[in-house]
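>>> for reference, the sequence and a predicted model appear below.
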Number of protein chains: 2
Amino acid sequence: MVTIYDVAKKAGVSATTVSHVVNGTRTVAPTTEKKVRDAIRTLKYRPNVLARSLRQSRSNVIGLLLPDCRNPFYAELARSIEERAYKSGYSVMICNSSYNQDREREYVETLANGRVDGLIVAPLRSKSETIDACRDRGLPTVVVDRISDSVLVDQVVINNEYAGAQAAKYLLKLGHRQIGCITYLENWTATADRRLEGFRRTLNEAGVDLPDDAVVYSDFQFLGGQAAMEELLTKGPILTAVFACNDLMAAGALIALRRAGFRVPDDISVLGFDNSIEAVITSPALTTFSQPIADLCGASVNQLLQLMNGETNRPRRHVFNAPLVERESCAPPPSNTKPRGKAGVAVMDSKG
Amino acid sequence: MVTIYDVAKKAGVSATTVSHVVNGTRTVAPTTEKKVRDAIRTLKYRPNVLARSLRQSRSNVIGLLLPDCRNPFYAELARSIEERAYKSGYSVMICNSSYNQDREREYVETLANGRVDGLIVAPLRSKSETIDACRDRGLPTVVVDRISDSVLVDQVVINNEYAGAQAAKYLLKLGHRQIGCITYLENWTATADRRLEGFRRTLNEAGVDLPDDAVVYSDFQFLGGQAAMEELLTKGPILTAVFACNDLMAAGALIALRRAGFRVPDDISVLGFDNSIEAVITSPALTTFSQPIADLCGASVNQLLQLMNGETNRPRRHVFNAPLVERESCAPPPSNTKPRGKAGVAVMDSKG
DNA sequence: TCTCGGTTTACAATCGATTGCCAAATCGAT
DNA sequence: ATCGATTTGGCAATCGATTGTAAACCGAGA
């Protein structure tokens, strides 16, 4: 490896001068500068970023710790964060915890000690030592997508409970009364469970029950959603609508329903979440909630940049909303006796 | 930050001893070891990975440079590579070139100088200075998915020309004669263009023409595929089958066809590539070619590990095959006058 | 010739670890 | 008590940069 001393020797100057030429940190006489630049070019010298980082105690890298980059929502998040970070001169190191607590902890250990200047993390659990570990090390940290119990860390999230409530209102308005839900492990992430909470509360307020066997806990993945829908069909009550807490599971549900001979949305409605590419390419296309990814990433990166600049305001929670995107997968229930018109204009169905 | 010297002082030993306790590189008396471990626990000491890497000139990180992790094929590739690397004690730094040459070059600059021990890259172009830059720096490098012109670098790819030929044979066997193709920029990646090459050659050998206006160059993305299909419908010849060089574009083509009132596969067949999740959730599900991701990643990581261990065999090219996966999106052409039976059993259509 | 002010360059310490080499301590055997 | 072998532990150099401090240099004015 060619070092700064090799360049110095070839240019006939000291390493100090080479460093100042490379970084433009002090005025250097034009003739000296030329000698140095020539030497750099001849030797193909590149500064060793490790040595520089060690000395300056900053690496210009930020870490991004996600459950799984195959989930299109996280993939989109990763790209968007990387884009913003790049514009601010930072590279991004993306790591997948693979929905594994130990892996998550290990990655924090690996990342926290010098390798990154800051960390954006979508933690697996709300109550996790991961976040505490970051705080202990004094590592600037922002929690994104998922809520952490810790009040000492900045968080960037959507209002999941509100979105769940909107989901319920939408299905109720369409006339549904037999409603099910495919969600994620209980009390883990403060995402799917909050959506379920708002969903259930709003249904109850409207006098509609959400029985236990109409709720299936799955894994946010395609096959999981498919299996969950099959379980609902075999073991659950008769349903006219299902709210799946992400698009991948909703897509799985569509497949299970098609195989079982149901037509969506004629026989049963399916409501997704995320507005990922999956929502567009399924047939029928999914009615879903749009994750405000640009907002989430903008807020996360800005907040992290502030933290890394030493601005230590009291931690805050940035909250955004996920608006409903209507496509084709939701419609009034098949034997609907309620008015179908939008604003109360009664349009009786065949029974009327 | 608490350093090894802080621990040494608290434990009443030298930094040397602490280092050996942490790394298990020398026998340490049990009582001494206990003192050191207690001090480490009390002070919450963590070794600074930068300092360690600088001294050992290895970081235990490998870089992965991809065009775009939102593409499900690359997302899957990234996860699989990370999984294998993790098992060998390496972390993975994933970077997106975003289909941008400059970005690709900059990332190589950033990664190559100490930050990573090796690099797996899916370069944007076959003829690119990116690979040369890696070689100049002596960075162990493996090219994956795409072929590089450089004969001095290890490559792990599928046989795209063969797969293209198989695509042609399959459509010919179904009875198609009016065939189109949605591919990627010409002469860039040695993936889509090779597929097209094998595709065209095999069609020609069967006496079937692939006219210029039946080939559209797109961008490997969903919207691009949709636009490409629209272009084929408006400006191209009448077609009974389209080969899209990846599933995302095939999914886009399906949408365009549905909007234009075509039924797939009754009116027109669509053949995809990658066998990503998209191929399963579209309706109809895509007949496609299965990327042997496990093979690709296994070979890439193994090869890179060998390179990083200093084993410098002559660079080789690992080639795998992508088998056809039949689903629902391909069928005989609508007004087919050929036998439809599988093994020559003549089943005449309505014209018969 | 000497001094002064400003510019340009170099010396040497430092970041936080690892590690080759040597010294001290311990032990058992004679 | 002495010696040699074996453990155990520390000193100091090193990785490749950055940077505070000080020295060298240069032309101008006294």
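Received, thanks. The structure presented is a predicted model; accordingly, all values stated were derived computationally and were not measured.
>>> what's around residue A:112, how many residues?
Residue A:112 is surrounded by 20 other residues when neighbours are defined as other CB atoms under 10 Å in any protein chain shown. Bear in mind the C-beta positions are built from the backbone N, C-alpha and C, glycine included.
>>> same thing with residue A:83?
15.
>>> compute the inter-axis angle for the host helix or strand of it and helix B:72-87.
Residue A:83 belongs to helix A:72-87 when assigned by DSSP states H and E. Helix A:72-87 runs at 80 degrees relative to helix B:72-87, counting by axes from the mean of the first three to the mean of the last three CA atoms, to 10 degrees.
>>> so after helix A:72-87, what's the next helix or strand?
Using DSSP H and E, the helix or strand that follows helix A:72-87 in sequence is strand A:91-96.
>>> pLDDT weak spots in the stretch 201-350 of chain A?
Low-confidence segments of the stretch 201-350 of chain A (pLDDT under 70): A:336-350.
>>> what's the closest non-adjacent residue to whichever residue of it sits closest to chain B?
When CB to the nearest CB is the measure, the stretch 201-350 of chain A has its nearest residue to chain B at residue A:283, with 3.3 Å between them. In this structure, residue A:283 finds its nearest non-sequential neighbour in residue B:283, 3.3 Å apart by CB to CB, 6 or more residues apart in numbering or on different chains.
>>> thinking that neighbour is in contact with residue A:259, fair?
No. With contacts counted by CB atoms under 8 Å, residue B:283 stays clear of residue A:259, the gap being 11.9 Å.
>>> who's more crowded, those two?
When residue B:283 is set against residue A:259 and neighbours are counted by other CB under 10 Å, the residue ahead is residue B:283, at 17 against 12.
>>> OK, contacts around the residue nearest to residue A:283?
By CB atoms under 8 Å, 6 or more residues apart in numbering or on different chains, the residues touching residue B:283 are A:258, A:282-283, B:254.
>>> now residue A:304
Applying CB under 8 Å, 6+ apart, we find residue A:304 in contact with A:62, A:118-120, A:140-142, A:154.
>>> near chain B, anything from stretch A:35-48?
Yes. Shown here: stretch A:35-48 in contact with chain B (CB under 8 Å from any CB of the partner chain) through A:44, A:46-48.
>>> not counting sequence-adjacent ones, nearest residue to residue A:135?
Excluding its sequence neighbours, the residue lying closest to residue A:135 (CB to CB, 6+ apart) is residue A:152, at 6.0 Å.
>>> what is the burial count for that neighbour?
Residues lying near residue A:152 (other CB under 10 Å) number 11.
>>> can you show me the strands along chain A?
If you assign secondary structure with DSSP state E, the strands in chain A sit at A:61-66, A:91-96, A:118-121, A:141-144, A:154-158, A:179-184, A:215-218, A:241-244, A:269-271, A:288-289, A:317-320, A:324-325.
>>> now those in a markdown table, with distance to residue B:128 and mean neighbour count?
What follows is those, written out as a markdown table (distance: least, CB to CB, whole Å; neighbours: other CB atoms under 10 Å in any protein chain shown):
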| stretch | distance to residue B:128 | mean neighbour count |
| --- | --- | --- |
| strand A:61-66 | 24 | 25 |
| strand A:91-96 | 20 | 25 |
| strand A:118-121 | 31 | 27 |
| strand A:141-144 | 34 | 27 |
| strand A:154-158 | 37 | 24 |
| strand A:179-184 | 42 | 26 |
| strand A:215-218 | 43 | 22 |
| strand A:241-244 | 42 | 30 |
| strand A:269-271 | 45 | 28 |
| strand A:288-289 | 39 | 28 |
| strand A:317-320 | 39 | 16 |
| strand A:324-325 | 39 | 16 |
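>>> near DNA strand C, which residues of the stretch 51-200 of chain A?
Contact residues (CB under 7 Å from any atom of the strand) of the stretch 51-200 of chain A with DNA strand C: A:51, A:54-55, A:57.
>>> counting neighbours, which of these comes out on top?
Using other CB under 10 Å as the contact criterion, the top neighbour count among those goes to residue A:54, which has 20 neighbours.
>>> is it correct that it is in contact with residue B:54?
Yes. Using CB under 8 Å, residue A:54 is in contact with residue B:54, at 5.6 Å.
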